[in-house]
Structure formats: structure tokens, C-alpha cells
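In: Have a look at this prediction, sequence included:
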Amino acid sequence: MPCSLLCIAVLFLGIALWIYNWRNPRCNGKLPPGSMGLPIVGESFQFFSPYTTSDVSPFIKTRMDRYGSLFRASLVGRKIVVSTDPEVNRFIFQQEGRLVQTWYMDSFDDIVGKENILSSHGFLHKYLRNLILNLFGSASLKERLLSETEELTIKNLQLWSCQPGVELKQAMATMIYNFTVKKLFSCNDSRSAKKLRACYSAFLDGLISFPLNIPGTAYWKCLQGRNKAMKVIKSMLEERRASPKRQQRDFLDIVVEEMKKAETILSEQTALDLLFALPFAAFESASSAVVLALQYLRNNPLALAELTQEHEAILSERETEDSGITWKEYKSMTFTHMVSSTTFHLRLSMKLIFRKVVKDVQVKGYTIPAGWIILACTPAVHLNSDIYEDPLSFNPWRWKGRELNAGSKFFMGFGSGARLCAGAEFVKLQMSIFLHHLVTKYRWTVIKEGDAVRQPGLVFPEGFHVQISKKNSYQSVAEQ
Ligand code: HEM
């Protein structure tokens, strides 16, 4: 046999073996059922396809029907197991730092930063989490953010009510963005704040898109947005470090102080990645939450009426109507918390929660080998008709008398355990304050809207255009 033919035969044999191994992965036990798709790309294209349905993604749904609650698949060259089982998800969250650790796609680390909190582990993770909770945790919400958020909400609603219409998704995002960058860098309304916002818009368009870094793709635009944003943030950090006397009592001051400490673990890169991630984590998700809640409420007059009554009752019990929401009042907004939980439950819990298996995991008679990735698919639990009656319907009353805390077995929209969302309480507060002022002081009509689309991040391509007008102070809910 000529030498070239032998080489081709060996090459084919090698490729065939490689494909065989890909399709039949090794495991010291029984792997969950499923298929591995094509080598390298796996089933990435199907996974990243946008969809408008409010149900679980078609990718997951078809595989659940075929294989059950635990199945294997592959994404961007990785072997993964998807869990749609509440017990398994809970177990996985509890094993953080032991059998599993957080994992994000390389492309996610490239765009959010390799030193971001989500990808950090151990002591650094705890340290960064505490820094964030100083700003967005319950103590700060109670002492400062409650009144500051309320002041801003009142001002903006007043402004929007003087306009013929407002695209609420963008308007809310701008409001929360301005608030967050003020708390972080004290750069409200400045040139830097506007420049930074434009970078974030480019960045968000490509977040969780297929990671193809070619000019013109969403992913490429996203990286460009990140690079530009990082330059702006870096120059703000350098400026503050160079002139520490110009303290603003903001988050940047805390970061600079921490970086100055002799045995600090806060490197410049970690600080920059943290400062970069926080504004977009805050404004994008909280604005989507408010818009979704309004879309649901609009189609559910009973829920809207009960919500309005709850807030009117709060006003009627006050000595002075405009005295501002107290922490006690905020905590008493039971139905409002049921409305926001339902909203998170239905549409906002679609974040992709990945864990990398560090040691072989045994669950439900299967083995998930070390090195594999687990996708804890919380929406599949939330939208499971065996657990919730009519799961896709907006039904705040289903939470009556139930545990509403984030992280419980059947409500994991904010994750669970050591990695529970550090901004969950902040989003809830934003929603409650906004709804309080909207339903007690204003009327709103939808002018134009479109479907929310998952790509798989949630976007509103046609926006949510509303007209907001002041209620007559003497009109009661029933007359509105
Ligand atoms: C509706 C809004 C939001 C949803 C549904 C959401 C969801 C989540 C989820 C599921 C996780 C856990 C990820 C994991 O376990 O791998 C998480 C973590 C996190 N979230 Fe949120 N989030 C929201 C809003 C926010 C906001 C407003 C902020 C910031 C102010 C924020 C900051 C964070 C941070 C810092 C973490 C990492 C926590 C850690 O690793 O210890 N989130 N979020």
C-alpha cells in the first residue's frame, strides 16, 4: 500500500475513534441518557436559538420529553448534564466548593472578566460577596437605599407623566443605571456616565450570544463594548487613586481603601471586573422585572386591584400621606411580594446556572463524571405542571402563605446556597417602590408593546411603550 494511502487510512481511523469517543463518553458508572450532537459544536446552535414562548426553551423541553428530568448533552465543546429536577438542583447548589464549583463559558469570562465574582471561588468569592452586600444587602437597603430609591422613583414618575409616552424598559433601565453608577462612582449625568451607558448597550446586545469573535457578530460587539467600558472605569479608578482626598463616600472609595491595605486580595483587575459587572447586573434585570410585572398585571385586573388596595391601605394608615415608605411598610407589602415572586418565577429565572463537577457526582442512580458541567435548569422546575397547577399562568395567589424567600427548593430563580443572588433584595425593593407609587398616584395605558424574546437572555425588541398620567387625588381604585 503506498504511504499516502496508509496516512489517509490512519487519519480516518483516528477521526472515527475520536467521534466514537465523543459520542460514547467514559464514565465510572451510568451516565444520564441523552445525545452528544456533533463533535465540538455539540448542540450549541439549537441551544442559543432565540424563542418567544414563555415556557422552558424548546431545546430543554424536547429533551425532557425524550429523556426525563436528567439528561446529557453538549454545548460549545463541553460535555454537560442538564438537571430539571428540584432535588438534584438543590443538592448541586449545596455542594458548591465541595463536589462542584461555579463555571461559566470561556466566552462569558472574556466578556464579564476572568476575575468576576461569579467565577471566583473560596476566600476571594466570600470577600467580593461581602463587598457587594455592603452596598446591596438588607442593612444598606433599610438605612439608605429605600429612601433614595423612593426619591428617584417619585421624580421619574412625575417626569414621565408629563410626556405623551414613555418606553418603560429603557426609561427604567436608565433610572436604575443612573442610580447604580451614582452609588458606585458618583458619576451621575456626567459625560463618563453617558459614555459608559453606550458601552453597556453594545455589550448587552451580545451577552449570552454564540461566541463567534468575528467583526459584526453580536459577540464581537459585546467584547468591543466591554473594552470601551473598562477603559472608562479604569480611568475613573486611576483618577480616584491619584487624588484620594476627593472622596465621594461611594463604592469606589471603598474599593480604593481596600486596594491600599497592605495584605489586600483585591487586585486592580478584580476591582475593575467587579465595578464593570455591577451596573449591568443591576439595571438590566431590575428594569426587565418591572416591565414584566406590568405586562402581567395589565392582563390580570383582579391582581392589579388587590395590589392597588394594598398600597392604598398603606397610605390611609399613615399620619401624613407623603411621609415616605418606611421599612415596616415595605415589609408589610405581602401581595406585592407575591406579585414580584410570581414575575421572577415565570420569566426572570432563566439565568443559566452552570456548575463544574470537581469530583464524580452520584445522583438518582447516575454518575456525572468529574470535569463535566451541570446546568441547573431552575425554570424547568418553576414551570413544571406536576409541581405547580397551571404553571404558565400569572397567579400571585399561588404563593399565599408560602415561603417567599429566595433559594427555597421550589423557587430558585435567584440561585441558592452560597451563591444566592446578591442583588435579589435590591430588585424586590425597586419593584415594590415603583409599584407603590404607580398604583397609588398614576394611571397607565399601554401604547405599544411586543413579545419579550429569549436569546437566551431576555430582551424586549419592541419595547414597552406606556402613557402615564396622574390620578385625580380624590378618585378611588374602584372608579379608575
Ligand atoms: C431579576 C433580577 C435578577 C435575577 C433573576 C438574578 C439571578 C441570579 C442568579 C440565578 C444568581 C446565581 C448564579 C449562580 O449560582 O451561578 C445570581 C447571582 C448574583 N447576582 Fe443576581 N439576579 C438578579 C438581579 C441582580 C442584581 C440587581 C444584582 C446587583 C445589584 C445582582 C448581583 C448578583 C451577584 C453579585 C451574584 C453573584 C453572587 C455570588 O456568586 O455570590 N443580581 N443572580
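Out: Arrived safely.
In: ok, now which ones touch the closest residue to K234 other than its chain neighbours?
Out: Nearest non-adjacent residue to K234, counting by CB to CB, 6 or more residues apart in numbering: L272, 6.0 Å away. Heads up, the C-betas are built off the backbone N, CA and C, glycines and all. By CB atoms under 8 Å, 6 or more residues apart in numbering, L272 lies in contact with G113, M230, I233, K234, L237.
In: and what of I214?
Out: W220.
In: go on, E462?
Out: Here E462 is in contact with K448, E449, G450, D451 (CB under 8 Å, 6+ apart).
In: Can you select the buried ones from these in ChimeraX?
Out: Here is the ChimeraX command that selects the buried residues among the contacts of E462 (16 or more other CB atoms under 10 Å):
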select :449
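In: Just send the contacts of E462 back as TSV, with pLDDT and secondary structure too.
Out: Output for these, formatted as TSV (pLDDT from 0 to 100; DSSP: H, G, I helix; E, B strand; the rest coil):
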residue	pLDDT	secondary structure
K448	87	strand
E449	82	strand
G450	76	coil
D451	73	coil
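In: Just the ones of the contacts of L272 in helices?
Out: M230, I233, K234, L237 (DSSP state H).
In: Most neighbours among these, which one is it?
Out: The most crowded member of the ones in helices among the contacts of L272, judged by other CB atoms under 10 Å, is I233 (25 neighbours).
In: quick revisit: may I see the buried residues of the helix or strand where the residue nearest to K234 lies?
Out: Per DSSP states H and E, L272 falls inside helix 268-298. Using 16+ other CB under 10 Å as the test for burial, helix 268-298 gives 270-298.
In: Could you dump the contacts of E462 into TSV and include distance to the ligand?
Out: Shown next, in TSV, are these (distance: CB to the nearest ligand atom, whole Å):
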residue	distance to the ligand
K448	24
E449	19
G450	20
D451	19
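In: Just the pLDDT for the closest residue to the ligand within the stretch 201-350 of the chain.
Out: The stretch 201-350 of the chain approaches the ligand most closely through S285 (3.3 Å), counting by CB to the nearest ligand atom. With respect to pLDDT, S285 scores 83.
In: May I ask you to confirm that it is in contact with G423?
Out: Yes. Shown here, S285 and G423 form a contact pair, counting by CB atoms under 8 Å, at 7.4 Å.
In: Quick check: chain neighbours aside, which residue is closest to the residue of the stretch 201-350 of the chain closest to the ligand?
Out: V427 (6.3 Å).
In: residues in contact with the helix or strand that contains that neighbour?
Out: Taking DSSP H and E as the criterion, V427 maps to helix 424-441. Helix 424-441 has contacts (CB under 8 Å, 6+ apart) with 136-138, 141, 145-146, 149-150, 153-154, 157, 172, 176, 282, 285-286, 289-290, 293, 304, 307-308, 311-312, 314-315, 325, 330, 333, 336-337, 339-340, 343, 406, 414, 444, 468, 470-471.
In: Near the ligand, which residues of the protein are found?
Out: Residues of the chain found near the ligand (CB under 6 Å from any ligand atom) are 102, 117-118, 129, 132, 136, 278, 281-282, 285-286, 289, 344, 348-349, 351, 353, 413-415, 419, 421-423, 426-427.
In: which of the contacts of E462 lies closest to D253?
Out: Set against D253, the nearest of the contacts of E462 by CB to CB is E449 (41.0 Å).
In: So what sits opposite the closest one in the bridge?
Out: Applying DSSP bridges to E449 gives these bridge partners: F464.
In: so it touches N299, yeah?
Out: No. Here E449 does not reach N299: they are 11.2 Å apart, not a contact under CB under 8 Å.
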